[in-house]
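[1] Model the structure of this input:
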Amino acid sequence: MQKTVTPGTSGRVLLNSDMGEGLGLHEFGNDEELMRIIDVANVACGYHAGDPDVMNRTVALAAEHGVAVGAHPGLPDTVGFGRRRMALSPEEVESIILYQTGALTAFLGKHGLELNHIKPHGALYGMLAGDEELMRAAAGTAKQFGVPFYGLAGTAHESVCRAMGVEFVGELYVDLNYGPAGELLIQRRPAPTDPVDAAERVSRAIAGKPVLAVDGTELDISFQSICVHSDAPNSPAVASAVRAVLGSL
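    Residues are numbered from 1 along each chain as shown. Just a heads-up that it's a prediction; the model follows:
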(Lines give C-alpha, C1' and ligand atoms only; values in the text may rest on other atoms or scores of the structure.)
Protein backbone atom coordinates (compact mmCIF):
# COMPACT_ATOMS: atom_id res chain seq x y z
CA MET A 1 0.00 0.00 0.00
CA GLN A 2 1.39 3.37 -0.99
CA LYS A 3 2.06 5.61 1.98
CA THR A 4 0.29 8.94 2.38
CA VAL A 5 2.12 11.87 3.91
CA THR A 6 1.44 15.32 5.28
CA PRO A 7 2.57 18.39 3.28
CA GLY A 8 5.78 19.80 4.63
CA THR A 9 7.18 16.48 5.86
CA SER A 10 9.90 14.48 4.15
CA GLY A 11 7.30 12.68 2.05
CA ARG A 12 5.21 13.93 -0.85
CA VAL A 13 1.62 14.91 -1.44
CA LEU A 14 -0.15 12.34 -3.61
CA LEU A 15 -2.29 13.15 -6.65
CA ASN A 16 -5.48 11.12 -6.96
CA SER A 17 -8.27 10.89 -9.51
CA ASP A 18 -11.72 9.29 -9.75
CA MET A 19 -11.67 6.75 -12.59
CA GLY A 20 -13.43 3.86 -14.28
CA GLU A 21 -16.61 5.89 -14.53
CA GLY A 22 -18.04 4.26 -17.62
CA LEU A 23 -20.69 1.74 -18.62
CA GLY A 24 -20.35 -0.62 -21.56
CA LEU A 25 -19.18 1.33 -24.60
CA HIS A 26 -19.71 4.67 -22.87
CA GLU A 27 -16.76 6.20 -21.05
CA PHE A 28 -16.75 9.37 -18.96
CA GLY A 29 -13.21 10.40 -18.30
CA ASN A 30 -9.64 10.79 -19.46
CA ASP A 31 -8.32 7.73 -17.66
CA GLU A 32 -5.55 6.71 -20.05
CA GLU A 33 -3.95 10.15 -20.07
CA LEU A 34 -4.36 10.69 -16.33
CA MET A 35 -2.82 7.33 -15.38
CA ARG A 36 0.49 8.72 -16.62
CA ILE A 37 0.25 11.65 -14.22
CA ILE A 38 -1.41 10.53 -10.98
CA ASP A 39 -0.30 8.42 -8.00
CA VAL A 40 -3.65 6.99 -6.88
CA ALA A 41 -6.84 5.99 -8.73
CA ASN A 42 -10.26 5.86 -7.07
CA VAL A 43 -12.08 3.27 -9.18
CA ALA A 44 -15.87 3.21 -9.56
CA CYS A 45 -17.34 -0.08 -8.38
CA GLY A 46 -20.61 -0.52 -10.24
CA TYR A 47 -23.38 1.54 -8.67
CA HIS A 48 -23.00 5.06 -10.06
CA ALA A 49 -20.72 3.78 -12.86
CA GLY A 50 -18.16 1.09 -13.62
CA ASP A 51 -19.45 -2.24 -14.87
CA PRO A 52 -17.29 -5.39 -14.52
CA ASP A 53 -15.48 -4.92 -17.84
CA VAL A 54 -14.77 -1.27 -17.08
CA MET A 55 -13.45 -2.17 -13.63
CA ASN A 56 -11.22 -4.85 -15.12
CA ARG A 57 -9.78 -2.49 -17.77
CA THR A 58 -9.25 0.31 -15.28
CA VAL A 59 -7.44 -1.86 -12.76
CA ALA A 60 -5.28 -3.34 -15.53
CA LEU A 61 -4.37 0.19 -16.66
CA ALA A 62 -3.46 1.18 -13.11
CA ALA A 63 -1.27 -1.92 -12.73
CA GLU A 64 0.49 -1.08 -15.99
CA HIS A 65 1.35 2.42 -14.78
CA GLY A 66 2.17 1.56 -11.16
CA VAL A 67 -0.81 3.48 -9.79
CA ALA A 68 -2.34 2.50 -6.44
CA VAL A 69 -6.06 1.70 -6.52
CA GLY A 70 -8.78 2.48 -4.02
CA ALA A 71 -12.52 1.78 -4.09
CA HIS A 72 -14.82 4.62 -5.16
CA PRO A 73 -18.27 3.36 -4.13
CA GLY A 74 -21.30 5.47 -4.94
CA LEU A 75 -25.04 5.53 -4.44
CA PRO A 76 -27.19 3.10 -6.48
CA ASP A 77 -28.23 5.86 -8.89
CA THR A 78 -26.79 5.35 -12.36
CA VAL A 79 -29.15 7.87 -13.97
CA GLY A 80 -28.07 10.60 -11.55
CA PHE A 81 -24.43 9.45 -11.64
CA GLY A 82 -24.48 9.15 -7.86
CA ARG A 83 -24.75 12.91 -7.44
CA ARG A 84 -28.26 12.96 -5.94
CA ARG A 85 -28.74 12.39 -2.21
CA MET A 86 -30.75 9.42 -0.95
CA ALA A 87 -32.27 8.56 2.42
CA LEU A 88 -30.21 5.63 3.74
CA SER A 89 -29.81 3.84 7.05
CA PRO A 90 -26.32 3.10 8.44
CA GLU A 91 -26.88 -0.57 7.60
CA GLU A 92 -27.60 0.32 3.98
CA VAL A 93 -24.52 2.51 3.79
CA GLU A 94 -22.39 -0.33 5.12
CA SER A 95 -23.89 -2.79 2.65
CA ILE A 96 -23.46 -0.68 -0.48
CA ILE A 97 -19.84 0.18 0.37
CA LEU A 98 -19.01 -3.41 1.34
CA TYR A 99 -20.66 -4.80 -1.80
CA GLN A 100 -18.88 -2.46 -4.19
CA THR A 101 -15.49 -2.65 -2.50
CA GLY A 102 -15.67 -6.42 -2.48
CA ALA A 103 -16.31 -6.45 -6.24
CA LEU A 104 -13.29 -4.25 -6.88
CA THR A 105 -10.98 -6.37 -4.73
CA ALA A 106 -11.64 -9.36 -6.99
CA PHE A 107 -10.24 -7.45 -9.97
CA LEU A 108 -7.34 -6.14 -7.90
CA GLY A 109 -6.40 -9.70 -7.03
CA LYS A 110 -6.54 -10.69 -10.69
CA HIS A 111 -3.99 -8.00 -11.56
CA GLY A 112 -1.74 -8.49 -8.54
CA LEU A 113 -2.77 -5.36 -6.66
CA GLU A 114 -4.09 -4.75 -3.16
CA LEU A 115 -6.82 -2.36 -2.07
CA ASN A 116 -5.20 0.97 -1.17
CA HIS A 117 -8.13 2.89 0.40
CA ILE A 118 -11.83 3.68 0.26
CA LYS A 119 -13.14 7.01 -1.00
CA PRO A 120 -16.90 7.45 -1.47
CA HIS A 121 -18.25 9.12 -4.59
CA GLY A 122 -20.42 12.18 -5.13
CA ALA A 123 -23.49 12.61 -2.94
CA LEU A 124 -22.48 9.71 -0.69
CA TYR A 125 -19.21 11.52 0.07
CA GLY A 126 -21.15 14.61 1.13
CA MET A 127 -23.73 12.66 3.12
CA LEU A 128 -21.03 10.95 5.17
CA ALA A 129 -19.21 14.23 5.80
CA GLY A 130 -22.22 15.60 7.65
CA ASP A 131 -23.63 12.53 9.41
CA GLU A 132 -21.58 10.76 12.07
CA GLU A 133 -23.93 7.80 12.28
CA LEU A 134 -23.67 7.08 8.56
CA MET A 135 -19.94 7.74 8.64
CA ARG A 136 -19.42 5.17 11.38
CA ALA A 137 -20.84 2.55 9.01
CA ALA A 138 -18.45 3.66 6.26
CA ALA A 139 -15.42 3.80 8.55
CA GLY A 140 -16.26 0.35 9.86
CA THR A 141 -16.01 -0.99 6.31
CA ALA A 142 -12.62 0.67 5.82
CA LYS A 143 -11.52 -0.90 9.10
CA GLN A 144 -12.74 -4.31 7.95
CA PHE A 145 -10.57 -4.07 4.83
CA GLY A 146 -7.68 -2.55 6.81
CA VAL A 147 -7.30 0.48 4.55
CA PRO A 148 -7.38 4.29 4.96
CA PHE A 149 -10.40 6.46 4.25
CA TYR A 150 -10.05 9.45 1.90
CA GLY A 151 -12.22 12.44 2.79
CA LEU A 152 -12.60 16.03 3.93
CA ALA A 153 -10.65 17.15 6.99
CA GLY A 154 -12.69 18.88 9.68
CA THR A 155 -15.84 16.88 8.92
CA ALA A 156 -17.33 13.63 10.20
CA HIS A 157 -15.00 11.90 7.74
CA GLU A 158 -12.03 12.79 9.91
CA SER A 159 -13.55 12.81 13.40
CA VAL A 160 -15.20 9.39 13.06
CA CYS A 161 -12.10 7.82 11.51
CA ARG A 162 -9.96 9.16 14.36
CA ALA A 163 -12.41 7.85 16.95
CA MET A 164 -12.54 4.40 15.34
CA GLY A 165 -8.83 4.04 14.70
CA VAL A 166 -9.10 4.22 10.92
CA GLU A 167 -6.31 5.99 9.04
CA PHE A 168 -7.63 9.19 7.49
CA VAL A 169 -6.27 10.94 4.39
CA GLY A 170 -7.50 14.48 3.87
CA GLU A 171 -8.07 15.75 0.35
CA LEU A 172 -7.75 19.11 -1.38
CA TYR A 173 -9.94 19.68 -4.44
CA VAL A 174 -8.81 21.93 -7.28
CA ASP A 175 -11.69 21.46 -9.74
CA LEU A 176 -14.60 21.95 -7.33
CA ASN A 177 -15.49 25.04 -5.34
CA TYR A 178 -15.90 25.18 -1.57
CA GLY A 179 -18.80 26.68 0.35
CA PRO A 180 -18.22 29.03 3.32
CA ALA A 181 -18.32 26.13 5.82
CA GLY A 182 -15.70 24.21 3.85
CA GLU A 183 -18.23 21.95 2.16
CA LEU A 184 -17.70 20.82 -1.43
CA LEU A 185 -20.12 22.19 -3.99
CA ILE A 186 -20.86 19.12 -6.10
CA GLN A 187 -21.72 19.78 -9.75
CA ARG A 188 -24.15 17.56 -11.63
CA ARG A 189 -22.16 18.23 -14.82
CA PRO A 190 -18.39 18.89 -14.69
CA ALA A 191 -17.05 22.16 -16.04
CA PRO A 192 -13.52 22.92 -17.23
CA THR A 193 -11.10 24.28 -14.62
CA ASP A 194 -8.38 26.75 -15.50
CA PRO A 195 -5.09 24.86 -14.95
CA VAL A 196 -3.47 28.10 -13.80
CA ASP A 197 -6.11 28.52 -11.10
CA ALA A 198 -5.66 24.90 -10.01
CA ALA A 199 -1.91 25.33 -9.73
CA GLU A 200 -2.38 28.55 -7.76
CA ARG A 201 -4.73 26.86 -5.28
CA VAL A 202 -2.21 24.07 -4.70
CA SER A 203 0.70 26.47 -4.32
CA ARG A 204 -1.19 28.57 -1.78
CA ALA A 205 -2.43 25.58 0.21
CA ILE A 206 0.98 23.95 0.42
CA ALA A 207 2.47 27.26 1.53
CA GLY A 208 -0.04 27.31 4.40
CA LYS A 209 -2.21 30.03 2.89
CA PRO A 210 -6.03 29.76 3.00
CA VAL A 211 -8.18 28.46 0.18
CA LEU A 212 -10.99 30.83 -0.75
CA ALA A 213 -14.61 29.70 -0.67
CA VAL A 214 -17.06 30.98 -3.28
CA ASP A 215 -18.04 33.90 -1.04
CA GLY A 216 -14.44 34.80 -0.20
CA THR A 217 -14.34 33.02 3.17
CA GLU A 218 -10.81 31.91 3.98
CA LEU A 219 -10.55 28.17 4.62
CA ASP A 220 -7.66 26.31 6.21
CA ILE A 221 -7.74 22.87 4.61
CA SER A 222 -5.60 20.06 5.94
CA PHE A 223 -4.68 17.54 3.24
CA GLN A 224 -2.29 14.78 2.26
CA SER A 225 -3.66 14.19 -1.23
CA ILE A 226 -5.03 16.30 -4.08
CA CYS A 227 -7.97 15.18 -6.23
CA VAL A 228 -8.47 15.94 -9.92
CA HIS A 229 -11.67 14.53 -11.40
CA SER A 230 -11.19 12.55 -14.60
CA ASP A 231 -14.52 13.45 -16.22
CA ALA A 232 -13.88 17.19 -16.65
CA PRO A 233 -13.07 18.04 -20.30
CA ASN A 234 -9.54 19.31 -19.61
CA SER A 235 -8.64 17.15 -16.62
CA PRO A 236 -5.24 16.03 -18.00
CA ALA A 237 -4.15 19.68 -18.32
CA VAL A 238 -5.35 20.38 -14.77
CA ALA A 239 -3.56 17.31 -13.40
CA SER A 240 -0.36 18.24 -15.25
CA ALA A 241 -0.47 21.73 -13.76
CA VAL A 242 -0.88 20.29 -10.26
CA ARG A 243 1.88 17.76 -10.87
CA ALA A 244 4.21 20.57 -11.94
CA VAL A 245 3.64 22.33 -8.61
CA LEU A 246 4.19 19.13 -6.63
CA GLY A 247 7.29 18.34 -8.64
CA SER A 248 8.80 21.69 -7.70
CA LEU A 249 8.65 21.01 -3.95
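[2] what's the weakest-modelled helix or strand in this protein?
    strand 26-27 (a mean of 81; mean pLDDT, DSSP states H and E).
[3] Spit out the contact partners of Pro195.
    234, 237-238, 240-241 (Cβ atoms under 8 Å, 6 or more residues apart in numbering). Yep, even glycine has a C-beta here, placed from its N, CA and C like the rest.
[4] Ignore what I typed, I meant Pro90.
    133-134, 136-137.
[5] now, among these, which is nearest to Asp197?
    Using Cβ to Cβ, Leu134 comes nearest to Asp197 of the contacts of Pro90, at 32.6 Å.
[6] how about the helices in this protein?
    Taking DSSP state H as the test, the helices found in the chain are 31-34, 52-65, 90-110, 122-129, 132-145, 156-164, 195-206, 235-247.
[7] Let's have these in a markdown table, adding mean pLDDT and distance to Ala213.
    Compiled in a markdown table, the helices of the chain are given as follows (pLDDT from 0 to 100; distance: least, Cβ to Cβ, whole Å):
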| stretch | mean pLDDT | distance to Ala213 |
| --- | --- | --- |
| helix 31-34 | 94 | 27 |
| helix 52-65 | 97 | 33 |
| helix 90-110 | 98 | 28 |
| helix 122-129 | 95 | 15 |
| helix 132-145 | 98 | 23 |
| helix 156-164 | 98 | 18 |
| helix 195-206 | 94 | 12 |
| helix 235-247 | 95 | 20 |
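[8] tell me which residues in stretch 102-120 are buried?
    103-105, 107-108, 113, 115-120 (16 or more other Cβ atoms under 10 Å).
[9] ok, of the contacts of Pro90, which come out buried?
    Of those, these count as buried by 16+ other Cβ under 10 Å: 134, 136-137.
[10] want to try a markdown table for the residues you listed, with distance to Arg201 as columns?
    A markdown table is the format used below for the buried ones among the contacts of Pro90 (distance: Cβ to Cβ, whole Å):
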| residue | distance to Arg201 |
| --- | --- |
| Leu134 | 29 |
| Arg136 | 31 |
| Ala137 | 32 |
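[11] So which of these is the closest to Leu61?
    Ala137 (30.7 Å).
[12] who's in contact with that closest one?
    Per Cβ under 8 Å, 6+ apart, neighbours of Ala137: 90-91, 93-94, 97.
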